[in-house]
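Asker: Mind folding the following:
(one chain, ligands or ions: 1)
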Amino acid sequence: MTDERGNDIDEADEARRLQENKQIDRGRDYKDPIKQYVRRRGWVPAARSRLEKTDPRKEHLKYFTLCGKLAIDVLWFYASESLLFKDGKGYPEVVFCEHFPDEYEKINRRLGRTSGIIASFEDLILNKDSEESKYFYSEAPFDVYNLDFTGGCFPEIEPPFSRTLDSIVTLINDLGQQENPSSFDIFFTFRAQRSEENRDAVRELRRNLNSNREAHPRFKELIEERFGEELEGLVDNYHDLLLLTLPKYLGRIGCEAGFRVECTHRFYYPRPSNHDPRYHIISFGLSFDWIEENRVRNRDLLQPVPSREILTSAYLEMMESLLVSDIPNVDSIRFSREGYRNEIESLLAACEE
Ligand SMILES: C[S@@+](CC[C@H](N)C(=O)[O-])C[C@H]1O[C@@H](n2cnc3c(N)ncnc32)[C@H](O)[C@@H]1O
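Answerer: Residues are numbered from 1 along each chain as shown. Predicted coordinates:
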């Protein structure tokens, strides 16, 4: 391989350089005030509410995260919000997962003695025989799973199914099948770039929305009010389609697994900017609260239990709220970007000391 002047280019060097450039870009993204807005206004209130709902003797969360090299979510949750426990050496109730070995090393250096797993999240959940997966399940359940993915939910290379979605569904089902299921929250972040996503999956999401429309007169009214009779409002707004259908789909999975599911927050923002968006980042959270009666039913006691009704009505409530509530574009919200940028810089500077 040669460059435009005819000089030899070492392919391995080139690949490394590309990877490094990407990482520099990502580092910038993690420090972006918009991302900090999502941490502060989306993640923190949901995490705090999860902590309040758990055992009152518990002072900190058990936290699973794809924290990336700067681990800002971990640092912020600890330093500013006191949501995590830190001993002199690291964060004993945090487990992080990272698929790139060089990034993994950087996280290790930043978080000290904190458990980490080098694997893709998808392998962690789906390859149950691997050591990494066994370790993850020996540490689960967590109170909060922060699945801050850098990629999309339906990569083009994976048709017709998405391994990422498959792994999320498997995790929710696994958590519902534990001996004493506990409640938890999951935060999701994906890149929404229609041109790079698997068309069958997108078609399937639209079909699913259509069938909801046909099945429930109330949803028909709400869906058409929001997106038009032909769903034309969804054609260009891929982020909107995902922010409606993904929480709805995962809400149904949670409901079937025995959890009352609520959507805690939804946001999106354009990248690289509002003027020249090439894609959007979508971010939403779901809380999964275990409905105790379900276990009575699972143990085949004769007594009738209302858990199915509770779950179904919670699911319908969630669906209605997904359809009526607005989804803020963080890039259009007025807030002190300078202030948010400074607080991240101070956080990172304090960590370097
Ligand atoms: C967006 S960053 C995390 C940012 C962090 N949560 C914060 O608040 O600043 C995501 C990290 O997880 C890694 N990652 C993304 N997708 C992954 C996957 N499917 N499995 C494992 N690691 C993944 C990325 O390499 C990156 O280091």
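
Asker: switch to C-alpha atoms for all contacts and neighbour counts from now on
Answerer: Noted.

Asker: Show the subsequent helix or strand relative to the helix or strand bottoming out on mean pLDDT in the chain.
Answerer: When the helices and strands of the chain are scored by mean pLDDT, DSSP states H and E, helix 293-298 comes last with a mean of 53. Sequence order places helix 307-324 as the next helix or strand after helix 293-298, per DSSP states H and E.

Asker: tell me the SS of Tyr30?
Answerer: With DSSP: H, G, I helix; E, B strand; the rest coil as the basis, Tyr30 sits in helix.

Asker: Ok, Ile117 next?
Answerer: When classified by three-state DSSP, Ile117 comes out as strand.

Asker: which bits of the stretch 101-250 of the chain sit near the ligand?
Answerer: 119-121, 148-150 (C-alpha under 6 Å from any ligand atom).

Asker: can you redo those residues as CSV with neighbour count and pLDDT?
Answerer: Below are those laid out as CSV (neighbours: other C-alpha atoms under 10 Å; pLDDT from 0 to 100):
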residue, neighbour count, pLDDT
Ala119, 17, 97
Ser120, 16, 95
Phe121, 23, 97
Asp148, 18, 97
Phe149, 20, 95
Thr150, 13, 90
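
Asker: Now intersect those residues with the helices, please.
Answerer: Phe121 (DSSP state H).

Asker: For the ligand, what is the nearest residue in the stretch 101-250 of the chain?
Answerer: Ser120 (3.4 Å; C-alpha to the nearest ligand atom).

Asker: Tell me who's in contact with that residue.
Answerer: Contact analysis of Ser120 by C-alpha atoms under 8 Å, 6 or more residues apart in numbering lists 97-99.

Asker: Those also near the ligand: which ones?
Answerer: 97-99.

Asker: picking that back up, just curious, which of the residues of the stretch 101-250 of the chain next to the ligand is nearest to Lys53?
Answerer: Asp148 (23.1 Å; C-alpha to C-alpha).

Asker: give me the beta-bridge partners of the closest one?
Answerer: Thr189 (DSSP bridges).

Asker: okay, the ones next to the ligand among the contacts of Ser120 in a markdown table with distance to Ile34, secondary structure and pLDDT next?
Answerer: Output for the ones next to the ligand among the contacts of Ser120, formatted as a markdown table (distance: C-alpha to C-alpha, whole Å; DSSP: H, G, I helix; E, B strand; the rest coil; pLDDT from 0 to 100):
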| residue | distance to Ile34 | secondary structure | pLDDT |
| --- | --- | --- | --- |
| Cys97 | 23 | strand | 98 |
| Glu98 | 23 | strand | 97 |
| His99 | 25 | coil | 95 |
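
Asker: Thanks a lot, catch you later.
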